[in-house]
Structures are given as C-alpha cells and as structure tokens.
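Trainee: below are the sequence and a predicted model for it; my questions follow.
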Amino acid sequence: MKIVFLDAATMGNVSFEPFEILGDFTRYESSTPAEAKERVEDVDVLLINKVLVNKELIDSAPNLKLICIAATGVNNIDVEYAASKGIPVRNVAGYSTDSVVQSTFMHMLSLVGGSPYFDESVKSGRYSRSGMFTDPNWNWWELAGKTIGIIGLGNIGRKVASIAEAFGMNVCYFSTSGTGHCKDYPCLPLEELLSKSDIVSIHAPLNARTENLIGKEQLAMMKPTAYLINMGRGAIVVEQDLAEAVDNGVIAGAGIDVFVTEPIPEDHPYLKMRHPERMRLAPHVAWASMEARQRLIGLMAENIKKGW
C-alpha cells in the first residue's frame with residue numbers, strides 16, 4: 001500500500017511511524033498543485049491537511065482508494081466527486097479539545113494578568129531601578145467573580161466553561177445553532193451576553209449564521225473593560241472593526257488565534273494598530289499542542305486501518 005502525505009510540514013516535528021508501519025509511506029513538506037499531481041500518480045492512500053483536492057487531482061490518481069485529512073473540516077476536498085469515484089474521505093474530530101481550551105486560557109490570563117508588562121518590567125531593568133519591592137503600575141484583574149460569555153457551547157466550549165467555573169467565574173453562553181440544549185448554564189441572546197460579559201470567548205464553527213457575527217455594532221455592546229477571544233474561525237469577527245474597537249478603547253483588548261486569511265497578510269489591520277499591547281496574536285496554533293498533533297496522526301492511521 002502506497003501512502004503519500006502532501007503537506008506534512010503542517011504537522012511539525014511529530015512521529016510519522018504510525019503511517020510507516022502501514023505501508024510504503026512518503027511525505028512531502030509541501031506541494032504545489034503541479035507537484036501534487038505528479039506525486040499522486042500511483043498512490044493508494046492520500047494524506048493531506050490544507051492541500052486542495054479537486055477533480056483534477058483525483059483524476060491524476062488512478063489507483064487512489066482513500067483520502068484522509070488531518071482536520072475535522074473537509075471544505076478543501078471535492079467530497080462529492082470523490083464519492084462518485086468510490087473513494088471515501090475520512091476526517092478526524094476531538095483530537096484538539098484540550099489544546100484549544102488551554103490556549104484559550106493562555107490568552108485570557110495574559111490579557112487580564114498583564115504578564116507581558118511584568119516580564120518586560122523585570123528584564124528591562126525598570127524594576128531594579130524602581131527602589132520598590134513591587135510594581136503597582138499595571139492593574140491586573142482576578143477571574144473570580146467575572147462573567148465569561150461563550151459563543152458556541154460544543155465540546156470545547158463546555159470544557160472552557162468547566163475550567164472557568166474552577167476559577168470562580170460566572171458562565172453564560174449563546175447558541176449559534178439556536179438550540180441551546182445545555183441547561184447547566186444560562187443561554188442568552190447575543191446582545192445580552194455581550195453586554196454582561198467580562199470576557200467573550202468564541203468557539204463556534206464558521207457558517208452562514210456565524211460569519212461576521214461580531215462587528216462594530218456588537219463590539220459597541222461590550223463593556224469597555226471586556227476582552228474578546230476568538231478560537232473559532234477568523235471570519236466570525238470583522239477584523240477591521242475589532243482592530244478599531246481595541247485601538248479606540250471600545251473594548252479592553254483581544255486574543256486571536258485565527259484569521260480570515262492565513263497566514264496573516266503583512267498589511268493586516270491587527271499589525272497596524274496604535275496599541276498592539278492590547279492584543280494577543282497567535283498563528284493559528286491553538287489546535288497544535290504536541291499531544292494533539294501526535295493524537296491526530298494516530299487517528300489518521302486508524303482511519304487507514306479501516307480500509308475502504
């Protein structure tokens with residue numbers, strides 16, 4: 001069985017042994033569309049992350065029997081055409097819950113706790129020169145007693161809620177599907193959630209109901225002391241509106257892991273702000289703890305073992 005991974009660089013320094021023991025495994029760090037067509041000519045199992053798998057690529061692989069994607073979403077694969085050729089497409093789910101939840105609190109604690117300021121205070125020598133045993137010049141806040149409003153209470157959102165409770169926070173949520181099945185926390189209309197929350201944390205998928213869900217009008221409903229965290233998808237937030245809201249003090253700041261265009265363009269509004277210290281930006285890595293990536297490889301290998 002010939003197995004090819006077309007964009008293995010997206011997985012970082014994980015072990016690919018689970019694939020190696022299943023057959024003749026070849027990995028490429030990345031593949032242009034032209035390279036991809038050449039590399040799938042005699043492949044049985046195609047592994048991809050973000051490579052576009054369209055009709056043209058599928059037709060270039062006459063022996064192709066299975067497509068496995070290193071993600072939950074399959075929007076970069078022509079699933080219907082693959083099905084018409086009798087080629088199953090298998091995704092993975094649930095591998096990154098702990099990773100995303102931890103990243104959520106990493107951003108949250110950095111924003112409310114002011115750790116970049118205090119780190120710089122010591123390393124710059126300002127603390128040494130101050131003559132004072134402490135540095136009281138940056139106000140930081142306890143999470144206890146604050147309200148977190150979670151947009152999207154799926155597996156990740158529920159775990160964020162549970163940990164937030166451990167910090168002593170009050171939890172509410174907005175159901176992007178409109179169902180609101182969870183009775184453990186109050187399900188609020190979006191406007192009410194935004195107005196009462198000290199932290200708004202997004203964990204929703206991108207769809208017609210969530211695209212541009214948070215823009216200028218919604219940001220204006222938030223407290224000027226509140227923070228927005230987006231671990232869902234970039235297009236859920238209108239990026240220009242958020243940059244302006246943070247710069248102008250409409251809200252206190254934001255933690256962002258996802259962007260409309262990835263990688264982020266060099267002229268992006270987030271990179272041209274007057275107050276970059278109010279933002280925490282990460283290059284879409286919330287999903288990618290070492291454990292999550294290795295877990296993902298294992299789940300993909302299990303998908304191969306199922307056969308076709």
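Mentor: Sure thing, it's come through.
Trainee: what residues are up against the residue nearest to the spatial centre of the chain?
Mentor: Centroid-nearest residue in the chain, with C-alpha atoms, centre = their mean: Met231, separated by 4.4 Å. By C-beta atoms under 8 Å, 6 or more residues apart in numbering, the contact list for Met231 reads 100, 103-104, 156, 201-203, 257-258, 286. In this view, the C-beta of every residue, glycine as well, is placed from N, C-alpha and C.
Trainee: tell me which entries of those lie within helices.
Mentor: Among the contacts of Met231, the members found in helices (DSSP state H) are 100, 103-104, 156.
Trainee: widest-spaced pair of these?
Mentor: Spatially, the most separated pair among those is Ser103 and Ile156, at 10.1 Å (C-beta to C-beta).
Trainee: those two: which has the busier surroundings?
Mentor: Ile156 (25 against 21; other C-beta atoms under 10 Å).
Trainee: look up how far Thr210 lies from the closest residue to that one other than its chain neighbours.
Mentor: Distances taken as C-beta to C-beta, 6 or more residues apart in numbering put His203 closest to Ile156, at 4.6 Å, once the chain neighbours are dropped. His203 sits 11 Å away from Thr210, going by C-beta to C-beta, to the nearest Å.
Trainee: any residues in contact with both of these two?
Mentor: Joint contacts of His203 and Thr210 (C-beta under 8 Å, 6+ apart) are 152, 232.
Trainee: of these two, which one has the most company?
Mentor: In this view His203 and Thr210 are compared by other C-beta under 10 Å, and His203 has more residues nearby, 26 against 20.
Trainee: so that one sits against Ile151, correct?
Mentor: Yes. In this structure, His203 is within contact of Ile151 by C-beta atoms under 8 Å, at 6.8 Å.
Trainee: so what pLDDT did the residue lying farthest from the centre of the chain get?
Mentor: In terms of distance from the mean C-alpha position of the chain, Gly131 ranks first, at 42.6 Å (C-alpha atoms, centre = their mean). We have a pLDDT of 95 for Gly131.
Trainee: cool, and Lys183?
Mentor: pLDDT at Lys183 comes out at 87.
Trainee: distance check, it against His107.
Mentor: The value you get for Lys183 to His107, if C-beta to C-beta is used, is 28 Å.
Trainee: more crowded one of those two?
Mentor: His107 (25 against 7).
Trainee: now do the SS call for that one.
Mentor: helix (DSSP: H, G, I helix; E, B strand; the rest coil).
Trainee: tell me the domain ranges of the protein?
Mentor: 2-95+290-305, 97-281 (automatic domain parsing).
Trainee: can you list the residue ranges for helices in this structure?
Mentor: So, for the chain - with DSSP H - the helices run 17-20, 33-39, 55-59, 79-84, 97-113, 115-123, 126-130, 155-166, 190-196, 216-219, 239-247, 290-305.
Trainee: tell me which of the ones in helices among the contacts of Met231 is nearest to Ala292?
Mentor: Val100 (8.3 Å).
Trainee: what's the neighbour count on the nearest residue in space to Gly215 that is not next to it in sequence?
Mentor: Nearest residue to Gly215, sequence neighbours excluded (C-beta to C-beta, 6+ apart): Val238, at 3.9 Å. Look at Val238: counted by other C-beta under 10 Å, it has 21 neighbours.
Trainee: mind listing what Val238 touches?
Mentor: 212, 214-216.
Trainee: list the contacts of Ala288.
Mentor: Residues counted as contacts of Ala288 (C-beta under 8 Å, 6+ apart) are 12, 96, 99.
Trainee: so where's the stretch 201-308 of the chain uncertain?
Mentor: Counting by pLDDT under 70, the stretch 201-308 of the chain contains no low-confidence residues.
Trainee: ok, the stretch 51-200 of the chain next?
Mentor: 180.
Trainee: Ser121 reaches Thr134, doesn't it?
Mentor: No. Distance between Ser121 and Thr134: 10.0 Å, which falls outside the contact criterion (C-beta under 8 Å).
Trainee: neighbour count winner among these two?
Mentor: Set side by side, Ser121 and Thr134 show more neighbours around Ser121, with 17 against 7, by other C-beta under 10 Å.
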